[in-house]
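[1] Pasting the sequence and the predicted coordinates here, then a few questions.
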Amino acid sequence: MEPGSETQEQRDEVVRSMTRGMIAGSQAAFTGFYNLVFDRLYRLLLVQTRGDEDLSKELAQSVMIRAARYIHPFENERVLWSWLRQVTRSCHVDWLRKKGREPQCVSLELFTEPVAQGISEDDELLAALERCVAELDADEREVVRLAYYEGVTHQNMADKLRTTAKAIESKLGRIGRNCGESCSKK
């Protein structure tokens, strides 16, 4: 019988025996499963990753690992593929979440000149910080001064500036991002 000429009933029987074999720990069943599904999974992931071949290969491997770990008996090909699409989506979403949690690199090229002899790197960093703070608006400088130079709590600052602690926290975060961006451009 030529590949692809099997009936749906024959393909369903292959899925039943293969998934049961995988549960039993059969290497041959896993190899058959891999040969049956990997290319199709890869093509599906190419669409999901917008053509990123390397990421698609990485995610396809993750799907295969997860499928081998959590396989259970399937009665037909349609149900198997429905489950594999869910596993594929789950692996892709997990990768996106992980990528979103990775720290973003911030350029530390704060200095245009090498550190002068006799001046410590801490002094240079402090000088760069002071330059960034000097470029802030007066109200932003006040918030930075209170928070970092005087150690005033967010709630006490909020009371003094007639706002909320959450607003102070947001403002400090925004100032930090903006200051980091402007310092890294110099």
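    Noted; the coordinates are in hand.

[2] any idea whether residue 65 is helix, strand or coil?
    What DSSP: H, G, I helix; E, B strand; the rest coil gives for residue 65 is helix.

[3] Pop the domain breakdown of this protein in here.
    Domains of the chain are assigned by automatic domain parsing as 8-101, 121-184.

[4] Least confident of the ones you listed, on average?
    Here the lowest mean pLDDT among these goes to domain 121-184, at a mean of 78.

[5] can you give me how far that domain is from the chain middle?
    29 Å (C-alpha atoms, centre = their mean, to the nearest Å).

[6] swap in stretch 8-20?
    That offset, for stretch 8-20, works out to 36 Å (C-alpha atoms, centre = their mean).

[7] before we move on, the earlier item: turn the domains of the chain into CSV, columns for mean neighbour count.
    (C-beta placed from N, C-alpha, C; glycine too.) Below are those laid out as CSV (neighbours: other C-beta atoms under 10 Å):
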stretch, mean neighbour count
domain 8-101, 15
domain 121-184, 14
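
[8] quick one, helices of this protein?
    Remark: helices assigned in the chain by DSSP state H are 8-23, 27-48, 53-70, 77-101, 121-134, 138-144, 154-161, 165-184.

[9] Which elements pack onto the shortest one?
    Counting contacts by 3 or more C-beta pairs under 8 Å, 6 or more residues apart in numbering; DSSP states H and E, helix 138-144 packs against helix 121-134, helix 154-161, helix 165-184.

[10] Which strands and helices lie in contact with the shortest one?
    So the one you mean is helix 154-161. Against helix 154-161 (3+ C-beta pairs under 8 Å, 6+ apart) you get helix 138-144, helix 165-184.

[11] and those helices as CSV, adding distance to residue 155?
    Converted to CSV, those look like this (distance: least, C-beta to C-beta, whole Å):
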stretch, distance to residue 155
helix 138-144, 13
helix 165-184, 5
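
[12] Tell me which of these sits nearest to residue 87.
    helix 165-184 (36.8 Å; C-beta to C-beta).

[13] packing partners for the closest one?
    Here helix 165-184 touches helix 121-134, helix 138-144, helix 154-161, going by 3+ C-beta pairs under 8 Å, 6+ apart.

[14] Those helices into TSV, with extra columns for distance to residue 59?
    As requested, the helices and strands packed on helix 165-184 are arranged in TSV below (distance: least, C-beta to C-beta, whole Å):
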stretch	distance to residue 59
helix 121-134	40
helix 138-144	43
helix 154-161	41
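
[15] so which of these gets nearest residue 76?
    Residue 76 lies closest, by C-beta to C-beta, to one member of the helices and strands packed on helix 165-184: helix 154-161, at 58.6 Å.
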